[in-house]
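[1] Structure here, sequence nowhere to be found:
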């Protein structure tokens, strides 16, 4: 790796490119170096069908990680919610920049909110977590499985072709990063509609044997955001202990306030008929205690039958 330029692997979607460019610019400024983006096509960009049936989170991460391990790129930028919880030998998540808005967002026709959608309205999402919570909140809605980039999904709400949906639910973070927050008709309360673990956060991953004195590693250390790392560590510990992935209806929401880590967790039946929630706090957290905190809550949920409820295979 040159001290002058580091290479950044990214998926080719508009959102992925925007996120990667933002992250790489921040690292470049902090480390006093330059970067180049390298587009990598992942399995998730090629396959069709529901993501929950395509191997889940790993379909977007595997190809990027292989490029880093092989030395073809120096840095991979991932949406953390798309990253499997199991670590990969030889790789290191060196930075988690400050998290963008973790909430889910409703983008509906005519400026409608979730409560204002008419009975039987068609709402699009590709997330089992969102499906379960939507059905718990509004069992009358018709949920439609959708895929595609942000623009393709929003087009399904617009008048014209296809214009076949009344609303879609997307991550607020992606819409904000693309400058599309004007399309949001309601930010869904994270206490009612819990986000995916790590939603809104980016993971900046490099080889574990990278030179600690290099401009890249120095820049990564500077952009790492401790409150974000604590929050997402607890969230992803829940997911890891449940041995669940993006195909599981599990939502989490952690935040650090005045030295106290608050964590809400929901596990739902996929049809939304039954929901189990937990809300706990941890004072003066460290990364290690945040991880143990999330795992303990997951164990409590498993003792209460979360695996049966969410149809997890343990």
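    Arrived safely, thanks for sending. Since the model is a prediction, treat every value here as computed from it, not as a measurement.
[2] quick one: the helices in the stretch 101-250 of the chain?
    For the stretch 101-250 of the chain, the helices defined by DSSP state H, counting those that start in this stretch occupy 128-137, 150-155, 172-177, 215-223, 226-242.
[3] what's next to the third one, contact-wise?
    So the one you mean is helix 172-177. 15, 18-19, 22, 99-105, 107, 150, 181, 183-184, 187, 199-200 (C-beta atoms under 8 Å, 6 or more residues apart in numbering). Placement of C-beta: from N, CA and C, glycine included.
[4] Next up, the contacts around the residue most central in space within the chain.
    By C-alpha atoms, centre = their mean, the chain has its centre lying nearest to residue 81, at 2.5 Å. Each residue near residue 81 by C-beta under 8 Å, 6+ apart is listed here: 57, 171, 195, 196, 197, 198, 199, 200, 201, 246.
[5] Can you flag which of these belong to strands?
    Judged by DSSP state E, those include residue 171 as members of strands.
[6] Which of the contacts of residue 81 are buried, as a ChimeraX select command?
    Per 16 or more other C-beta atoms under 10 Å, the buried members of the contacts of residue 81 correspond to this ChimeraX selection:
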select :57,171,195,196,197,198,199,200,201,246
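[7] Please report the distance of the residue nearest to the centre of the chain from residue 219.
    Distance, residue 81 to residue 219, using C-beta to C-beta, to the nearest Å: 24 Å.
[8] Also residue 290?
    In terms of C-beta to C-beta, residue 290 sits 25 Å off from residue 219.
[9] same deal with residue 181?
    Residue 181 is 28 Å from residue 219, by C-beta to C-beta.
[10] go on, residue 213?
    Residue 213 sits 12 Å away from residue 219, going by C-beta to C-beta.
[11] If you count surrounding residues, which of these two has more?
    Taking residue 213 and residue 219 together and counting by other C-beta atoms under 10 Å, residue 219 has the greater number of neighbours (25 against 8).
[12] so the more buried one touches residue 35, yeah?
    No. Residue 219 is beyond contact range of residue 35, at 9.3 Å (criterion: C-beta atoms under 8 Å).
[13] Mutual contacts of these two, please.
    When contacts are counted by C-beta under 8 Å, 6+ apart, residue 219 and residue 35 are jointly contacted by 27, 28.
[14] residue contacts, residue 150?
    Per C-beta under 8 Å, 6+ apart, neighbours of residue 150: 14, 15, 170, 174, 175, 178, 180.
[15] Now do the buried residues in the helix or strand harbouring residue 261.
    Using DSSP states H and E, residue 261 sits in strand 260-268. For strand 260-268, a neighbour-count test (16+ other C-beta under 10 Å) marks 261, 263, 264, 265, 266, 267, 268 as buried.
[16] going on from it, what's the next piece of helix or strand?
    That would be, after strand 260-268 and using DSSP H and E, strand 275-283.
[17] mind listing what that following strand pairs with, with the direction of each?
    Here strand 275-283 has these sheet partners by DSSP bridges: strand 260-268 (antiparallel).
[18] looking only at pLDDT, what's the mean for the partner strand?
    Taken as a whole, strand 260-268 has an average pLDDT of 96.
[19] Give me the distance from that strand to the chain's centre.
    16 Å (C-alpha atoms, centre = their mean, to the nearest Å).
[20] Tell me, how many residues neighbour residue 14?
    Using other C-beta under 10 Å, residue 14 is surrounded by 14 other residues.
[21] how far away is it from residue 7?
    20 Å.
[22] where in this structure is pLDDT low?
    Low-confidence segments of the chain (pLDDT under 70): 1-3, 42-59, 246-247, 313-314.
[23] what about 80?
    1-4, 42-60, 160-162, 244-248, 309-314 (pLDDT under 80).
[24] okay, now the domains of it?
    Annotated domains of the chain cover 5-97+201-224, 104-187, 231-310 [automatic domain parsing].
[25] one step back: tell me the angle of the strand holding residue 261 relative to helix 226-242?
    Counting by axes from the mean of the first three to the mean of the last three C-alpha atoms, to 10 degrees, strand 260-268 points 30 degrees away from the direction of helix 226-242.
[26] In contact with the closest residue to residue 262 other than its chain neighbours, which residues are there?
    The spatially closest residue to residue 262, leaving aside those adjacent along the chain, is residue 281, at 5.2 Å (C-beta to C-beta, 6 or more residues apart in numbering). Contact analysis of residue 281 by C-beta under 8 Å, 6+ apart lists 260, 261, 262, 263.
[27] at 10 Å what do you get?
    257, 260, 261, 262, 263, 293 (C-beta atoms under 10 Å, 6 or more residues apart in numbering).
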